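*Asks:* sequence plus predicted model, see below.
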Amino acid sequence: MRQQSRISRTTRLRAAALIGSAAMVVLALQNGAATAAPESVNGATALPLSVSARAAALKSAQDAAGSTADELGLGAREALVVRDVVKDADGTVHTRYERTYAGLPVLGGDLVTHVAKGGALKGVSKATGARIAVASTDAAISAATAKKSALAGSGSASASARKVVWAAGAKPVLAYESVVKGLQHDGTPSELHVITDATTGKKIYEYQGIDTGTGASEYSGTVTLGTTAAASGGFDLVDSGRGGHKTYDLNGGTSGTGTLFHDADDAWGDGTPANRQTAAVDAAYGAAVTWDFYKSAFNRNGIAGDGKAAYSRVHYGNAYVNAFWNDSCFCMTYGDGSGNSHPLTSLDVAGHEMSHGLTAATAGLKYSRESGGLNEATSDIFGTSVEFFAGNSADVGDYLIGEKIDINGDGTPLRYMDKPSKDGGSADYWSRTVGRLDVHYSSGVANHFFYLLSEGSGAKTINGVSYNSPTYDGSSVTGIGRAKAYQIWYKALTTYFTSSTDYAGARTGTLQAASDLYGAGSAEYSAVAAAWKAVNVK
């Protein structure tokens, strides 16, 4: 459970070292700020960083991590590992940390400190409020036993295991994290993370490490691509202007990178699936537009904020009807769809998959239960925003997911943001059982929230698509516009959400983000509260 804690009087009296370390980070970030924040929001907007300035900020924060841990009152056996540093235009610095205990990774122990320009600690967002401690780091069962248990019934022959402290439950326990690799039922690679109690040998938790989605392709028309002249002549599908994004042909394979796409005359594809380059064009175009969207909307330099691109793989497997993001390769992979005739490389799918990388680089929302639904919704929210941002007349912006592929065979999209239950499985509203749904269905609550926050309730037509969004309590919600809505979601994701954020925590985080960006008494803040209430998150 995500908790927002305020600094106590005792902590204030002990905060000198933390203030000093925060000041070093502020200086590094000030030196790296290259462009002004967007005019549409105030001083809580994150400033952009050059690659070198970001690296310096991360190093500065890590050098001060020991004193930060002391000032936060962490135990003597705990340590902090810096994952990200964000500085707002008003000087506030948000530093995201993972924790270790006696040298062991603490899963579900991540936290974010929020330090004002003058050095005062404004608050700490924690994945857990529990004290991190276990009676012993000596396990009663072996790693081999944990792996055997994790493999049971999986159909896989291999797994890796490491000793950890599992802090995402009510009480931290010594555990093993086993990663079972194989294939899911539809051919998607599987990286199943299984948490086993190192004392009792019982399975505590499991979640999937491969983030999946589906969508359309071949509908972007004639587009401009970033390519690079090859030393041997011709051109490679390498976008040097956007972090060096590469697009590869797996040619039916399911591992490795395959072959980098190359063309003699820099004229790629012909708009049909019969030409192998067509899917590559759509994937590369989608990646480029997503990169540009993050830069334009959030001043973010790449999805990890480090100026480096992910890469894309197309033509995965045989008639594979899916697409997925994999953290371990930092890449997007696309199948060719039913009959190998509909590559899943449309704008909303590319934006969706790349946004899983954004989530991995920031909040790290676990891909299970309510946090998994928020993970999927984040990708739908930004995938949809990318589609609107592109302004492509061949695939206009809408609040439908996978509307081009006709995966249901009747012309209907995969998901609806205005009324998620129209897909037959997604939740319109929060309930105590929503976390039991598949993450693609539990995402409906946040998707519905985003639509209501952007456009409001009731019947309306946008870009030729008719919507009629209901509310849980029959209330009327007035939207604040999509741009403000995604600014609030991005701010919450990158500075307040943690790995275990649930829907209650998402409400708290987005309200804090709205307060930061527009003020606690603003219409935007009130709209966030109203939209959450309208989906039964109170």
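*Replies:* Everything's here; your move.
*Asks:* and the nearest residue to residue 329 once chain neighbours are set aside, how far is that from residue 117?
*Replies:* Using CB to CB, 6 or more residues apart in numbering and skipping residues adjacent in sequence, the residue nearest residue 329 is residue 311, 7.8 Å away. Bear in mind the C-beta positions are built from the backbone N, C-alpha and C, glycine included. Distance of residue 311 to residue 117, given as CB to CB, to the nearest Å: 38 Å.
*Asks:* more neighbours, those two?
*Replies:* residue 311 (20 against 16; other CB atoms under 10 Å).
*Asks:* residue contacts, the more buried one?
*Replies:* Applying CB atoms under 8 Å, 6 or more residues apart in numbering, we find residue 311 in contact with 245, 246, 247, 248, 257, 329, 330, 331, 332.
*Asks:* list phi and psi for the residue nearest to residue 329.
*Replies:* phi -130, psi 160 (degrees, to the nearest 10).
*Asks:* pLDDT score assigned to it?
*Replies:* pLDDT recorded at residue 311 is 96.
*Asks:* any idea which element the residue most central in space within the chain lies in?
*Replies:* The C-alpha lying nearest the average C-alpha coordinate of the chain belongs to residue 359 (CA atoms, centre = their mean; 1.8 Å). Taking DSSP states H and E as the definition, one finds residue 359 inside helix 347-361.
*Asks:* just checking, next helix/strand downstream of that helix?
*Replies:* Using DSSP H and E, the first helix or strand after helix 347-361 is helix 369-390.
*Asks:* that following helix vs helix 347-361, what angle?
*Replies:* 130 degrees (axes from the mean of the first three to the mean of the last three CA atoms, to 10 degrees).
*Asks:* give me the distance between helix 369-390 and the centre of its chain.
*Replies:* Its chain's average C-alpha position is 8 Å from that of helix 369-390, according to CA atoms, centre = their mean, to the nearest Å.
*Asks:* state the distance spanning the first to the last residue of stretch 60-73.
*Replies:* Between the opening and closing residues of stretch 60-73 lies a distance of 20 Å (CA to CA, to the nearest Å).
*Asks:* for it, list every residue counted as buried.
*Replies:* For stretch 60-73, the neighbour count (16 or more other CB atoms under 10 Å) marks 60, 61, 62, 64, 65, 67, 68, 69, 71, 72 as buried.
*Asks:* can you check stretch 95-107 too?
*Replies:* Quick answer for stretch 95-107 (16+ other CB under 10 Å): 95, 96, 97, 98, 99, 100, 101, 102, 104, 105, 106, 107.
*Asks:* before we move on, what about stretch 261-277?
*Replies:* 261, 262, 263, 268, 269, 273, 277.
*Asks:* okay, residue 239 and residue 388: tell me how far apart.
*Replies:* 22 Å.
*Asks:* tell me the angle of the helix or strand hosting residue 450 relative to helix 369-390?
*Replies:* Using DSSP H and E, residue 450 sits within helix 444-455. Relative orientation of helix 444-455 versus helix 369-390 (the same axes, to 10 degrees): 40 degrees.
*Asks:* which SSE is immediately downstream of helix 444-455?
*Replies:* strand 458-462.
*Asks:* starting from that following strand, tell me which strands it pairs with and how they run.
*Replies:* Paired strands of strand 458-462, with direction, are strand 465-469 (antiparallel) (DSSP bridges).
*Asks:* what residues does the strand it pairs with touch?
*Replies:* So strand 465-469 is in contact with 398-400, 418-419, 448, 451-452, 455-461, going by CB under 8 Å, 6+ apart.
*Asks:* nearest to residue 336 among those?
*Replies:* Top of the list for closeness to residue 336, among the contacts of strand 465-469 and by CB to CB, is residue 400 at 21.9 Å.
*Asks:* pretty sure the closest one sits against residue 413.
*Replies:* Yes - taking contacts as CB atoms under 8 Å, residue 400 lies within contact range of residue 413: 4.0 Å.
*Asks:* confidence score at the nearest residue to residue 171 once chain neighbours are set aside?
*Replies:* Distance criterion CB to CB, 6+ apart; nearest residue to residue 171, sequence neighbours excluded, is residue 130 at 6.3 Å. What the model reports for residue 130 is a pLDDT of 94.
*Asks:* ok, residue 130 - how many residues close by?
*Replies:* Quick note: residue 130 (other CB under 10 Å) scores 17 neighbours.
*Asks:* show me the contacts for it.
*Replies:* Contacts of residue 130 (CB under 8 Å, 6+ apart): 167, 170, 171, 172.
*Asks:* all strands of the stretch 51-200 of the chain, in order?
*Replies:* Remark: strands assigned in the stretch 51-200 of the chain by DSSP state E, counting those that start in this stretch are 78-87, 93-101, 104-115, 121-126, 159-166, 173-183, 189-197.
*Asks:* can I get these in JSON lines with distance to residue 55 and mean pLDDT?
*Replies:* Putting the strands of the stretch 51-200 of the chain into JSON lines (distance: least, CB to CB, whole Å; pLDDT from 0 to 100) gives the following:
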{"stretch": "strand 78-87", "distance to residue 55": "10", "mean pLDDT": "95"}
{"stretch": "strand 93-101", "distance to residue 55": "14", "mean pLDDT": "96"}
{"stretch": "strand 104-115", "distance to residue 55": "19", "mean pLDDT": "96"}
{"stretch": "strand 121-126", "distance to residue 55": "24", "mean pLDDT": "94"}
{"stretch": "strand 159-166", "distance to residue 55": "27", "mean pLDDT": "92"}
{"stretch": "strand 173-183", "distance to residue 55": "28", "mean pLDDT": "90"}
{"stretch": "strand 189-197", "distance to residue 55": "28", "mean pLDDT": "88"}
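*Asks:* what bits of the stretch 201-350 of the chain have low per-residue confidence?
*Replies:* Where the stretch 201-350 of the chain drops to pLDDT under 70, the residues are 210-220.
*Asks:* and the stretch 401-538 of the chain, by the same measure?
*Replies:* Ranges of the stretch 401-538 of the chain meeting pLDDT under 70: 405-406, 409.
*Asks:* go again using 80 as the cut-off
*Replies:* 404-411 (pLDDT under 80).
*Asks:* which stretches of it form helices?
*Replies:* For the stretch 401-538 of the chain, the helices defined by DSSP state H, counting those that start in this stretch cover 439-442, 444-455, 482-495, 503-518, 523-534.
*Asks:* winner for burial among these?
*Replies:* Neighbour counts (mean count of other CB atoms under 10 Å) averaged over each of the helices of the stretch 401-538 of the chain peak at helix 444-455, with a mean of 28.
*Asks:* quick one, it and helix 523-534 angle?
*Replies:* 140 degrees.
*Asks:* and the angle from helix 444-455 to helix 503-518?
*Replies:* 20 degrees.
*Asks:* tally of neighbours for the nearest residue to residue 423 once chain neighbours are set aside?
*Replies:* Ranked by CB to CB, 6+ apart and with sequence neighbours excluded, the top spatial neighbour of residue 423 is residue 415, at 5.4 Å. Neighbours of residue 415 under the rule other CB under 10 Å: 28.
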